[in-house]
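Asker: Structure, please.
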Amino acid sequence: LFYIQINNFKIQYPFLKGIVLLSFVAIICLVIGSNNVFVNGLNNLNTQIIFDLRLPRIVLSISIGASLAFCGAVFQALLRNPLAEPYILGISNGCSIGAMIGLYLGLNTPFVWLFSFLTGGLVIILVLKIANKQKASNKNESLLIAGVMISALSAGIIFLLLHILAVSYTHLTLPTSDLV
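Answerer: Numbering: from 1, shown residues only. As a prediction, this is how the structure comes out:
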C-alpha cells in the first residue's frame, strides 16, 4: 500500500504509514467527544469546541509526543544504546528532586516546573563532569556508569526528602484525640 517500486525494488515508507494513521486518529478525536459533531451537526457551539478546545489539544499532544520521541532518539544515538532512557543518566531523578524541593518550599506550579528543569540540568552537568574525569577508553561506558551512580544517589535523596516531608505533615493526617 505504501511503497514505490523501481526496477524490481520495493521502497517502503513506514513514516508515511505513521502520518496517515496519526491523521486518521486526529480527525476522529477532533469530531468525536462528549459533544459529537456527527450527531449534532456543525453549529456555533461545536465550531468553538473544535477550534478552541480540541484542535489545540491535539496539536499540543502531537508536538509533545514528537519532542519526546526526538529526545529519546538523541539519548539512544548519544549513548549508542537502543535501551537508553533518561532514568539511566539520573536526569529523571534529578528533576524529581527539584520538584519535591519546590513543593516543599510552597512554590506555585510553574515555578515547581522551572525548579525541576533547573535541577535536571544541574544533574546533566554533574554527570558529564564526572564522566569526563574518568580516563576510560570508551566515553559511553563512563557516561553510563556516572549516570547510574548519580541516579542511585538521587534516589536516596528522594527517599530522604519523602521521609522528611512525611514527618512534617503527619499532624495533618492523624486524627485528634478529642474524637475518641
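Asker: At the geometric centre of the protein, which residue sits there?
Answerer: Geometric centre of the chain, nearest residue: residue 68, 6.4 Å, by Cα atoms, centre = their mean.
Asker: so which helix or strand takes in it?
Answerer: Under the criterion of DSSP states H and E, residue 68 resides in helix 55-79.
Asker: low-scoring stretches of the chain, by residue?
Answerer: 1-13, 136, 167-180 (pLDDT under 70).
Asker: now do 80
Answerer: Low-confidence segments of the chain (pLDDT under 80): 1-17, 33-42, 86, 134-139, 165-180.
Asker: Would you list the phi and psi of residue 105?
Answerer: Main-chain dihedrals, residue 105, degrees, to the nearest 10: phi -80, psi -10.
Asker: before we move on, the earlier item: next one: the residue nearest to the centre of the chain relative to residue 166, how far apart?
Answerer: Distance of residue 68 to residue 166, computed by Cβ to Cβ, to the nearest Å: 31 Å. (C-beta placed from N, C-alpha, C; glycine too.)
Asker: Leaving aside the residues adjacent along the chain, what's closest to residue 118?
Answerer: Spatially, and ignoring its direct neighbours in sequence, residue 118 is nearest to residue 98 (6.3 Å; Cβ to Cβ, 6 or more residues apart in numbering).
Asker: burial of residue 84, as a residue count?
Answerer: Residues within reach of residue 84, counting by other Cβ atoms under 10 Å, total 21.
Asker: Ignore what I typed, I meant residue 89.
Answerer: Counted with other Cβ under 10 Å, residues neighbouring residue 89 total 25.
Asker: Not counting sequence-adjacent ones, nearest residue to it?
Answerer: Of all residues not flanking residue 89 in the chain, residue 147 sits nearest, at 3.4 Å (Cβ to Cβ, 6+ apart).
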